[in-house]
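Chemist: What follows is a predicted protein model with its sequence.
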Amino acid sequence: MKTTLRTLAAVLALGAVGLWLATGASRGWTKTSVPVKQLDAVTGIEGVTYEKRFVPGVDFLGGALCASAMVAGLSFLFRNQNKQTTNTQQTP
Amino acid sequence: MKKQILVLLSLAASAGVALAAPQSFDFKDPKGVNNAQFKLDAPLEAVTGSANGISGTVTFDPEHPGATTGKIVVAAESLHVPNPMQKGHLHSGQWMDVANHKEISFEAKELKNVKTSGDTTTADAVGTMTIKGVSKELTVPVKLTYLKDRLSQRVPNMKGDLLVIRANFEIKRSDFGINPGAPKEKVSDTIELTLSIAGAAPRS
């Protein structure tokens, strides 16, 4: 159990950091849409439309790392499994 | 012959008067390009977003750009920021209260310091800005570009003129009761506004 929780914590932390880095390491808040600028050739106006896209920010990263730390912390509640070694050497 | 010349001249004169008459430009953009952008740059956080629910009418006379008047309206519901939680706060009662104050408007009553060069006019538009039900007199520097006979290039099969209005100015959110108690180091009191809009005056 202990190992499972620690593995889960590591996967969560690495996954969050990986996703954050892969999507541009945004240092702002998480976005669910990003602005897309389009130039209108006739008027010269740069129009702004929003495209639905998930861009994790520092809040996502912080939340995921906190969750990871909690899962890792939870693993300390479980005791190590004692491997009982019995000496069953028989004397002739 | 003399009579015919007189008739022709009077027709030409009346056509000239008709062309020079003030035109009404509708700013409801079918292409959805018109937009108002806002930025609140505080030491701890910068908030940027835009709104594209623009409408309104401006009366513009190419012969007398200084006589321009009109009203531009932004649908408060169209205010958008990329973070969903921030957008929720922005639309809430404490901030823009879009449920009760559906429109943000600027009504230009007169233009001052008018300078025209070719199709472009720069001026200071004096008018009333209304946000969240609070109205304030404001002077906004504007740039008007008159694009004669260019409507067909934007909207096929439609003849007419275009008027492009650009404006960059600042307002204080505390002046309009937009969550005046919010910490200024987190959310700036100064709102930088950039307006880029085009209106159409169709001709039959």
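Modeler: That came in fine, so what should we check first?

Chemist: Next up, the contacts around B:Lys31.
Modeler: Contact analysis of B:Lys31 by Cβ atoms under 8 Å, 6 or more residues apart in numbering or on different chains lists A:40, A:47, B:154. Every C-beta, even on glycine, is put in place using the N, C-alpha and C of the backbone.

Chemist: Out of these, which comes closest to B:Gly93?
Modeler: The closest of the contacts of B:Lys31 to B:Gly93 turns out to be A:Gly47 (Cβ to Cβ; 30.0 Å).

Chemist: if I look at the closest residue to the closest one other than its chain neighbours, how far off is B:Val98?
Modeler: Distances taken as Cβ to Cβ, 6 or more residues apart in numbering or on different chains place B:Val33 nearest to A:Gly47, at 3.5 Å, with adjacent residues excluded. Using Cβ to Cβ, to the nearest Å, we find B:Val33 at a distance of 22 Å from B:Val98.

Chemist: I'd say A:Val9 and A:Ser68 touch.
Modeler: Not Val; residue A:9 is Ala. Yes - under the criterion of Cβ atoms under 8 Å, A:Ala9 makes contact with A:Ser68 at 4.6 Å.

Chemist: and chain A, which residues reach chain B?
Modeler: For chain A, the contact set with chain B under Cβ under 8 Å from any Cβ of the partner chain comprises A:28-35, A:38, A:40, A:42-50, A:55, A:57.

Chemist: What residues does chain B have near chain A?
Modeler: Taking Cβ under 8 Å from any Cβ as the criterion, chain B approaches chain A at residues B:31-35, B:37, B:46, B:50, B:52, B:80, B:82-86, B:145, B:147, B:150, B:153-154, B:162, B:164, B:196-198.

Chemist: List buried residues within those residues.
Modeler: Among those, those classed as buried by 16 or more other Cβ atoms under 10 Å in any protein chain shown are B:33-35, B:37, B:50, B:52, B:80, B:82-83, B:86, B:145, B:147, B:150, B:154, B:162, B:164, B:196-198.

Chemist: Could you pull up the contacting residues of A:Gly57?
Modeler: Applying Cβ under 8 Å, 6+ apart, we find A:Gly57 in contact with A:26-31, B:83.

Chemist: returning to what we had before: so of the contacts of B:Lys31, which ones are in helices?
Modeler: Those of those mapping onto helices are B:Arg154, per DSSP state H.

Chemist: For the residue with the shortest distance to the centre of chain A, which three-state class applies?
Modeler: Taking Cα atoms, centre = their mean, the centroid of chain A lies closest to A:Ala16, which sits 2.2 Å from it. Three-state assignment for A:Ala16 (DSSP: H, G, I helix; E, B strand; the rest coil): helix.

Chemist: Now name the helix or strand holding the closest residue to it other than its chain neighbours.
Modeler: Closest residue to A:Ala16 apart from its sequence neighbours, by Cβ to Cβ, 6+ apart: A:Ala64 at 3.2 Å. According to DSSP states H and E, A:Ala64 maps onto helix A:58-74.

Chemist: what's that helix in contact with?
Modeler: So helix A:58-74 is contacted by A:5-6, A:8-10, A:12-13, A:15-17, A:20, A:26-30 (Cβ under 8 Å, 6+ apart).

Chemist: Strands of chain A, start to end?
Modeler: Along chain A, the segments classed as strands by DSSP state E run A:31-39, A:46-55.

Chemist: Make TSV out of those and add mean pLDDT.
Modeler: Converted to TSV, these look like this (pLDDT from 0 to 100):
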stretch	mean pLDDT
strand A:31-39	93
strand A:46-55	93
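
Chemist: and these as TSV, adding mean neighbour count?
Modeler: Output for the strands of chain A, formatted as TSV (neighbours: other Cβ atoms under 10 Å in any protein chain shown):
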stretch	mean neighbour count
strand A:31-39	14
strand A:46-55	14
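
Chemist: remind me which residues of chain B are low pLDDT?
Modeler: Counting by pLDDT under 70, the ranges of chain B that qualify are B:1-20.

Chemist: go again using 50 as the cut-off
Modeler: Where chain B drops to pLDDT under 50, the residues are B:9, B:11-18.

Chemist: Closest to the centroid, which residue in it?
Modeler: With distances taken as Cα atoms, centre = their mean, the residue of chain B nearest its centroid is B:Ile72 (4.7 Å).

Chemist: Kindly provide the distance from the residue nearest to that one when sequence neighbours are not counted to chain A.
Modeler: In space, and not counting its chain neighbours, B:Ile72 is closest to B:Gly56: 4.0 Å by Cβ to Cβ, 6+ apart. Going from B:Gly56 to chain A by Cβ to the nearest Cβ, to the nearest Å gives 15 Å.
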